[in-house]
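Asks: Give me a 3D structure for the following:
(chains A, B, C and D)
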Protein chains: 2
Amino acid sequence: MLSKKTKYGLKALTYLAAQKDREPVQIAEIARHENISQKFLESILLTLRKNGFLGSKKGKGGGYYLIKDPGEIRMTSVMRVLEGPIAMVPCVSLNFYEPCEDCPDESACSVHKLMLMVRDSALAVYRNHTLADFV
Amino acid sequence: MLSKKTKYGLKALTYLAAQKDREPVQIAEIARHENISQKFLESILLTLRKNGFLGSKKGKGGGYYLIKDPGEIRMTSVMRVLEGPIAMVPCVSLNFYEPCEDCPDESACSVHKLMLMVRDSALAVYRNHTLADFV
DNA sequence: TTAAAAATCTATTAAAACTATAGGGTAATC
DNA sequence: GATTACCCTATAGTTTTAATAGATTTTTAA
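Replies: Residues are numbered from 1 along each chain as shown, chains lettered A, B, ... in the order given. I've put the predicted structure just below:
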């Protein structure tokens, strides 16, 4: 199940990408427009900023804005920051690999084999799309 | 993240599918062999039985056994029973569809569009594989 | 025929982790 | 001084992952 954090984060990014200019947009405006708890959105936008997707400006006329071109923001990186690993088990994760404790032979494990294919198929989708595809 | 329930269930199914005959196998044997908490496995096997994957036999010489040919057990049905909906959001689920409350226009929603593609890619993997592919 | 043993079945509960949100104060900017 | 992002803490709720204890059914053996 997709977490609301990811869902809200994606919606916020899309909203910002749809702006005509790159002027700051207030948290409250995004929250209102996308039906998101403002406080929750606040923390989400913060992590998006810390991960290089957004810039921010305080004070009057402040808010958040996209720092890169939507066409350069791949879904892989967005998903990894918001949702975490794309793989459903750590033993098939590219960026967060961990071996299973209970599994003596990875290459013989049915879970491993199946989840490897699922990861590859999801990865293909995320790699082939940027934020620009959703505005 | 894949739940341990699904992980253990898949391993148990694979273990049973790898048996030469279809004689009952004890829970304890499966648990020992796959490093699974026996009591936890017990409840998992129970739901697999109730959903038509396994048969069981009580008393001495009892245990669980596959009820169908491994080649006829699609991963789609296994995943739906163990893990639940394949879609990551209810608004793109085939079997568990629900509209989003906060989303006024599904067809314009970036989350919807992206997750639809992810669902389709995962579904393709699950549909094209049966338990027989993992023994 | 009866009793014991072997196994599945059922229900309850509990710890741990995670999710989603709220509150209140701080710091920067206009 | 008003406005807005920033930061920290707490918490209610849910889900996951079991642990515990016993009930029920079947087989085997005395």
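
Asks: got a list of what residue A:99 touches?
Replies: With contact set as C-beta atoms under 8 Å, 6 or more residues apart in numbering or on different chains, residue A:99 has these partners: A:90, A:91, A:106. Bear in mind the C-beta positions are built from the backbone N, C-alpha and C, glycine included.

Asks: by how many degrees do the helix or strand harbouring residue A:125 and helix B:110-127 diverge?
Replies: Under the criterion of DSSP states H and E, residue A:125 resides in helix A:110-127. Interaxial angle, helix A:110-127 versus helix B:110-127 (axes from the mean of the first three to the mean of the last three C-alpha atoms, to 10 degrees): 140 degrees.

Asks: I would like the residues contacting helix A:110-127, please.
Replies: A:74-76, A:79, A:86-89, A:91-94, A:100, A:103, A:106, B:2, B:7, B:10-11, B:13-14, B:75, B:114, B:117-118, B:121-122, B:124-126, B:129, B:133-135.

Asks: Can you flag the buried ones in those residues?
Replies: A:75-76, A:79, A:86-89, A:91-93, A:103, B:2, B:7, B:10-11, B:13-14, B:75, B:114, B:117-118, B:121-122, B:125-126, B:129, B:133-134 (16 or more other C-beta atoms under 10 Å in any protein chain shown).

Asks: Tell me which of the residues you listed fall in helices.
Replies: A:75-76, A:79, B:7, B:10-11, B:13-14, B:75, B:114, B:117-118, B:121-122, B:125-126 (DSSP state H).

Asks: tell me which parts of chain A are close to DNA strand C?
Replies: Residues of chain A found near DNA strand C (C-beta under 7 Å from any atom of the strand) are A:3-5, A:8, A:36-40, A:43, A:57-62.

Asks: Among these, find the one with the greatest number of neighbours, please.
Replies: Neighbour counts for the residues of chain A next to DNA strand C, by other C-beta atoms under 10 Å in any protein chain shown, peak at residue A:8, which reaches 24 neighbours.

Asks: closest point of chain A to DNA strand C, which residue?
Replies: residue A:59 (2.5 Å; C-beta to the nearest atom of the strand).

Asks: distance of that residue from residue A:26?
Replies: 11 Å (C-beta to C-beta, to the nearest Å).

Asks: same check, this time on residue A:113
Replies: In terms of C-beta to C-beta, residue A:113 sits 48 Å off from residue A:26.

Asks: swap in residue A:134?
Replies: 22 Å.

Asks: and what of residue A:95?
Replies: According to C-beta to C-beta, residue A:95 and residue A:26 sit 33 Å apart.

Asks: of the two, who's got more company?
Replies: residue A:26 (13 against 10).

Asks: so that one touches residue A:61, yeah?
Replies: No: using C-beta atoms under 8 Å, residue A:26 is not in contact with residue A:61, being 9.1 Å away.

Asks: Quick check: pLDDT value at the residue lying farthest from the centre of chain A.
Replies: In chain A, the residue that sits farthest from the middle, by C-alpha atoms, centre = their mean, is residue A:104; the gap is 33.0 Å. Listed pLDDT for residue A:104 reads 85.

Asks: on that earlier part again, what's the closest of the ones in helices among the buried ones among the contacts of helix A:110-127 to DNA strand D?
Replies: Each of these was scored against DNA strand D by C-beta to the nearest atom of the strand, and residue B:7 proved nearest at 7.7 Å.

Asks: Excluding chain neighbours, what is closest to the closest one?
Replies: Distances taken as C-beta to C-beta, 6 or more residues apart in numbering or on different chains place residue A:111 nearest to residue B:7, at 5.3 Å, with adjacent residues excluded.

Asks: so what pLDDT did that neighbour get?
Replies: You'll see residue A:111 listed with a pLDDT of 95.
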